[in-house]
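A.B. asks: From the sequence below, what's the structure:
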Amino acid sequence: MDSRERVNRAVNFEQPDRVPHFLPDGRENDIIWLWIPEPQGIQPWQENNGIDSRVDCWAVRWEKPHGRAGYGEAREFLIKDITQQRYYTLPKLNEPEYFKAAEETVARNNSSPNPKYCLGVIPFNSLNEGVHNIIGLTNMFMAYYEHPDDLKALIGRLAEAQRESIRKLAECGCDGVMAYDDWGLQDRLMVSLEMIEEFFMPHYRRNWALAHDLGMDIWLHSCGNITEVLPEFIDIGLDVIQMDQQEHIGLERLNDEFGGKITFWCPVDVQKTMVEGSVEDTKNYVRRMIETLGDHKGGLISMAYSSPDAVGHTPEKIAAMCSAFREFGVYKKNSTIL
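C.D. replies: Residues are numbered from 1 along each chain as shown. This next block holds a predicted model:
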């Protein structure tokens with residue numbers, strides 16, 4: 001089977017020949033991960049007294065220690081008063097020219113003898129994080145209670161822009177679309193399930209239904225302990241959850257509650273085993289992932305954390321993880337692992 005079929009079978013629990021891969025080991029992968037570029041002219045990182053800072057296309061200033069990988073932390077927000085959100089102009093991330101390279105990539109892929117699964121990241125990819133990145137997390141927590149209508153209006157504006165992103169990625173020919181919303185702390189949700197339902201679920205329902213109507217799967221990155229909200233996400237159509245941290249929940253619990261109901265796109269846990277474990281621990285963790293989450297005639301797709309230097313992942317453990325996914329992720333004819 002080709003790569004696109006392999007991923008589709010994994011997502012739909014239809015018996016792929018092996019776990020689909022997206023790994024940085026130089027071998028063949030099954031997914032093309034398409035990121036739409038930001039507008040041109042965005043300020044580059046600048047160093048001052050050991051701190052790198054930049055202003056992004058949302059007019060948010062980010063900081064990080066000089067030379068450190070990653071995005072850093074949002075430090076200065078344009079919207080300091082949520083009641084003024086109506087005057088904030090969203091960045092023009094859905095302009096047609098930004099999708100040209102993705103459209104060309106998908107077209108080349110479709111004409112290849114082994115077409116891969118094309119996963120497009122929605123330019124307006126976050127509703128929860130998108131809001132607190134432009135008004136600040138503390139201000140967002142206060143707005144839930146003090147200015148709920150203004151908060152809902154801002155979320156709604158982002159959701160509308162997200163729908164336009166979804167339509168454009170469908171026009172490009174993507175097989176799936178991906179959004180980002182961390183909802184979990186280490187042991188519980190960031191806010192109550194009732195708040196997520198009131199402020200966000202109507203938009204998730206509408207946007208995910210749109211993606212499905214356009215023939216695309218929905219992928220969502222969400223870390224932390226999201227076990228309380230994940231059943232709701234599954235019920236309204238989430239196909240793939242991208243989760244970098246699993247150990248504070250537990251692979252066995254994730255499998256008992258969600259195995260065979262949603263597909264997991266995961267590396268080895270980025271906080272614990274990939275930091276504290278040995279090379280052998282890393283390999284064993286991969287095997288456990290495949291024997292739990294991946295043992296439902298599909299249900300698991302491999303990956304590696306995209307910023308390993310920022311979290312202390314050694315090349316040896318990354319190589320061990322990749323080789324273990326390749327070695328152990330081959331299925332017998334009727335499902336279980338070889």
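
A.B. asks: Check this structure for its longest helix and report it.
C.D. replies: For the chain, the helix with the greatest residue count under DSSP state H is helix 148-172.

A.B. asks: Give me the helices and strands touching it, please.
C.D. replies: Here helix 148-172 touches helix 100-110, strand 117-121, helix 128-135, helix 137-146, strand 176-180, helix 193-199, helix 201-213, going by 3 or more CB pairs under 8 Å, 6 or more residues apart in numbering; DSSP states H and E. Placement of C-beta: from N, CA and C, glycine included.

A.B. asks: Including mean neighbour count and distance to residue 298, could the ones you listed go into a markdown table?
C.D. replies: Output for the helices and strands packed on helix 148-172, formatted as a markdown table (neighbours: other CB atoms under 10 Å; distance: least, CB to CB, whole Å):
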| stretch | mean neighbour count | distance to residue 298 |
| --- | --- | --- |
| helix 100-110 | 16 | 22 |
| strand 117-121 | 25 | 13 |
| helix 128-135 | 22 | 28 |
| helix 137-146 | 15 | 36 |
| strand 176-180 | 24 | 14 |
| helix 193-199 | 15 | 28 |
| helix 201-213 | 17 | 18 |
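
A.B. asks: Out of these, flag the one nearest residue 43.
C.D. replies: Nearest to residue 43, of all the helices and strands packed on helix 148-172, is helix 128-135, at 16.0 Å by CB to CB.

A.B. asks: what residues does that closest one touch?
C.D. replies: 58-60, 74, 77-80, 82, 85, 88, 124, 126, 139-140, 143, 151, 154-155, 158, 180-183, 190, 200 (CB atoms under 8 Å, 6 or more residues apart in numbering).

A.B. asks: Any of those residues buried? List them.
C.D. replies: Neighbour counting with 16 or more other CB atoms under 10 Å marks 58, 60, 74, 77, 79, 82, 85, 124, 126, 139-140, 143, 151, 154-155, 158, 180-183, 190, 200 as buried within those.

A.B. asks: buried stuff in the longest helix of the chain?
C.D. replies: By neighbour count on 16+ other CB under 10 Å, the buried set for helix 148-172 is 150-152, 154-155, 157-159, 161-163, 165-166, 168-170, 172.

A.B. asks: ranges for the strands of this protein?
C.D. replies: Counting by DSSP state E, residue ranges of the strands within the chain are 31-35, 46-48, 51-55, 61-65, 73-76, 117-121, 176-180, 217-221, 240-242, 263-266, 300-302.

A.B. asks: looking at those strands, which is closest to residue 329?
C.D. replies: Closest to residue 329 of those is strand 300-302 (CB to CB; 6.6 Å).

A.B. asks: From residue 175, how far out is residue 229?
C.D. replies: As judged by CB to CB, to the nearest Å, residue 229 and residue 175 stand 25 Å apart.

A.B. asks: And residue 96, by the same measure?
C.D. replies: Counting by CB to CB, the separation of residue 96 from residue 175 is 21 Å.

A.B. asks: More neighbours: which of the two?
C.D. replies: Between residue 96 and residue 175, counting by other CB atoms under 10 Å, residue 175 is the more crowded of the two (22 against 9).

A.B. asks: Can you lay out the helices and strands packed on helix 148-172 as JSON lines showing mean pLDDT and distance to residue 220?
C.D. replies: What follows is those, written out as JSON lines (pLDDT from 0 to 100; distance: least, CB to CB, whole Å):
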{"stretch": "helix 100-110", "mean pLDDT": "97", "distance to residue 220": "19"}
{"stretch": "strand 117-121", "mean pLDDT": "98", "distance to residue 220": "11"}
{"stretch": "helix 128-135", "mean pLDDT": "93", "distance to residue 220": "11"}
{"stretch": "helix 137-146", "mean pLDDT": "96", "distance to residue 220": "19"}
{"stretch": "strand 176-180", "mean pLDDT": "98", "distance to residue 220": "5"}
{"stretch": "helix 193-199", "mean pLDDT": "98", "distance to residue 220": "13"}
{"stretch": "helix 201-213", "mean pLDDT": "98", "distance to residue 220": "9"}
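
A.B. asks: Now render the ones you listed as a markdown table, adding distance to residue 296.
C.D. replies: A markdown table is the format used below for the helices and strands packed on helix 148-172 (distance: least, CB to CB, whole Å):
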| stretch | distance to residue 296 |
| --- | --- |
| helix 100-110 | 27 |
| strand 117-121 | 19 |
| helix 128-135 | 29 |
| helix 137-146 | 36 |
| strand 176-180 | 19 |
| helix 193-199 | 26 |
| helix 201-213 | 21 |
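
A.B. asks: quick one: which of the ones you listed is nearest residue 273?
C.D. replies: Nearest of the helices and strands packed on helix 148-172 (CB to CB): strand 176-180, 23.1 Å.

A.B. asks: in terms of contact, does residue 263 touch residue 238 like I think?
C.D. replies: No: look at residue 263 against residue 238 with CB atoms under 8 Å: they stay out of range, at 9.5 Å.

A.B. asks: mind listing what the residue lying farthest from the centre of the chain touches?
C.D. replies: Distance to the chain centre peaks in the chain at residue 49, reaching 33.0 Å (criterion: CA atoms, centre = their mean). Residue 49 makes contact with no residue under the criterion CB under 8 Å, 6+ apart.

A.B. asks: If anything else comes up later, I'll come back, but that's it for now.
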